[in-house]
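>>> just need the structure, nothing else, for what follows:
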Amino acid sequence: MLVHRRGLDPPQFYGTPASITVNGTAYTPQTKSLYGKTVSYVTVPVAGGATVTATAGTSEVDTEAPTAPAGLASSNVTSNSVDLKWTASTDNVGVTGYNIYRGTTLAGPSTGTSFTATGLSASTPYTFTVKAVDAAGDSSGAGNAVDVTTATSGNGQTADLSDLTWSDARSDFGTVQKNKSVDSNPIKLNGTAYAKGIGTHANSTITYSLNGGYSRFRSDIGVDDEVGANATVKFEVWGDGVKLYESPSVMTPSSATQSVDVSVAGVKSLVLKVTDAGDGINSDHADWAGAKLVR
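Numbers count the residues shown, from 1 in each chain. Next comes the predicted model:
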């Protein structure tokens, strides 16, 4: 469908017509992008106060499919849901949305680059893919597949770690803080503020008794923004004496925020550690930002 945008000079239409006729004369249009859509237009000199009549010819049929979405990744896996995110596709006219597939079954649509798949069964493997759709209804091929196994049976409810009582908390400087940095400022990583979380300082050990009541531990981690230099830390997550996670590299004030998402199913004792990376504790302000447990 071609739509003339009234009151605009030059005359322009959504779509890609072969010609635009202005006051009886046909012109070959140019194109540009407007609000994510392709617009065709012509520039025609018109005397001041003159009446302008513009019509468009038949629109060309768009048969070009969008590029396949890339970078599909999962997070926040519970016993009955999973969050999915991917990189936006491109298209000659404009991507209008995405279809998310669980195996060969359509799980649902999304107009953005994220989707939460719900209604899943506990302890079950799933494969998800995403296809992009444009304004003409053309569909891309599927992007990369992501395999997910849901957590063991639970209600999927979350508990902020700062709302729970630790059985032990210690650090080599200052005091371990709930919902604040070790210097009692709002928790902040790379400009993002967190209302919930644990602020601490290397070397630090924080222990929680879970008694097997949770399925996953999740947290963003990094050096708090209150220090701008010198800090070097590593993060570790331990469950019943077994290391479940270690930050892959030493984190500094310039490091990107990292995310932890590990299974704690059956874990009775959860221990969160921050080490000084072997070079002393100077300025080692560390945050377990937005830390939470999932049942």
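>>> please pull out the lowest mean pLDDT helix or strand from the protein.
strand 3-4 (a mean of 40; mean pLDDT, DSSP states H and E).
>>> contacting residues for Asp131?
Careful, residue 131 is Lys; it's not Asp. Ala68, Pro69, Tyr98, Asn99, Tyr101, Ser139, Ser140, Gly141, Ala142, Gly143 (C-beta atoms under 8 Å, 6 or more residues apart in numbering). All C-beta spots, glycine's among them, are computed from the backbone N, C-alpha and C.
>>> pLDDT weak spots in the chain?
1-12, 14, 35-36, 52, 54, 57-61, 153-156 (pLDDT under 70).
>>> how about a cut-off of 80?
1-18, 20, 22, 33-39, 46-63, 76, 78-79, 136, 151-156 (pLDDT under 80).
>>> okay, which residue is most central for it?
Lys85 (5.3 Å; C-alpha atoms, centre = their mean).
>>> break down the protein into its helices, ranges please.
In the chain, no segments count as helices under DSSP state H.
>>> bridged to the residue nearest to the centre of the chain, which residues?
Ala73, Ser114 (DSSP bridges).
>>> so it makes contact with Ala73?
Yes - with contact defined as C-beta atoms under 8 Å, Lys85 counts as touching Ala73 (5.7 Å).
>>> pull the number of nearby residues for the spatially closest residue to Phe235 that is not a sequence neighbour.
Leaving aside its sequence neighbours, Phe235 sits nearest to Ser247 (C-beta to C-beta, 6 or more residues apart in numbering; 4.4 Å). If you count neighbours by other C-beta atoms under 10 Å, Ser247 ends up with 19.
>>> quick check: Ser247 touching Thr232?
No - counting by C-beta under 8 Å, Ser247 stays clear of Thr232, with 11.3 Å between them.
>>> got the phi and psi for Lys283?
In this structure residue 283 is Ser, not Lys. Backbone torsions of Ser283, given as degrees, to the nearest 10, read phi 70, psi 20.
>>> would you mind measuring from Gln30 to Tyr41?
Going from Gln30 to Tyr41 by C-beta to C-beta, to the nearest Å gives 6 Å.
>>> more neighbours, those two?
Tyr41 (20 against 13).
>>> from Tyr194, how far out is that one?
Distance of Tyr41 to Tyr194, computed by C-beta to C-beta: 47 Å.
>>> now swap in Pro29 and tell me
51 Å.
>>> next one: Asn203
22 Å.
>>> and these two? Which one has more around it.
Tyr194 (22 against 17).
>>> from what I can see the more buried one touches Ile187, true?
Yes - Tyr194 lies in contact with Ile187 (C-beta under 8 Å); the separation is 4.3 Å.
>>> what do these two both touch?
Counting by C-beta under 8 Å, 6+ apart, the residues touching both Tyr194 and Ile187 are Asp287, Ala289.
>>> just the buried residues of the contacts of Lys131.
With burial judged by 16 or more other C-beta atoms under 10 Å, the buried subset of the contacts of Lys131 is Ala68, Pro69, Tyr98, Asn99, Tyr101, Ser140, Ala142, Gly143.
>>> which one is the third one nearest to, not counting chain neighbours?
Just to be clear, that refers to Tyr98. Ser110 (4.9 Å).
>>> surely Val93 and Thr63 touch.
No - counting by C-beta under 8 Å, Val93 does not reach Thr63; the two are 10.5 Å apart.
>>> more neighbours, those two?
More crowded of Val93 and Thr63, by other C-beta under 10 Å: Val93, with 20 against 8.
>>> what sits against the more buried one?
Val93 neighbours (C-beta under 8 Å, 6+ apart): Thr16, Lys37, Thr38, Asp62, Glu64, Asp134, Ala135, Ala136.
>>> tell me if I'm right that the fourth one and Thr96 touch.
What it means is Asp62. No - checked against C-beta under 8 Å, the pair Asp62 and Thr96 is beyond contact range at 11.6 Å.
>>> next, count neighbours for Val242.
Applying the criterion other C-beta under 10 Å, we find 8 residues in the vicinity of Val242.
>>> so how far is Thr200 from it?
Val242 is 22 Å from Thr200, by C-beta to C-beta.
>>> what of Asn230?
17 Å.
>>> and these two? Which one has more around it.
Set side by side, Asn230 and Thr200 show more neighbours around Thr200, with 30 against 13, by other C-beta under 10 Å.
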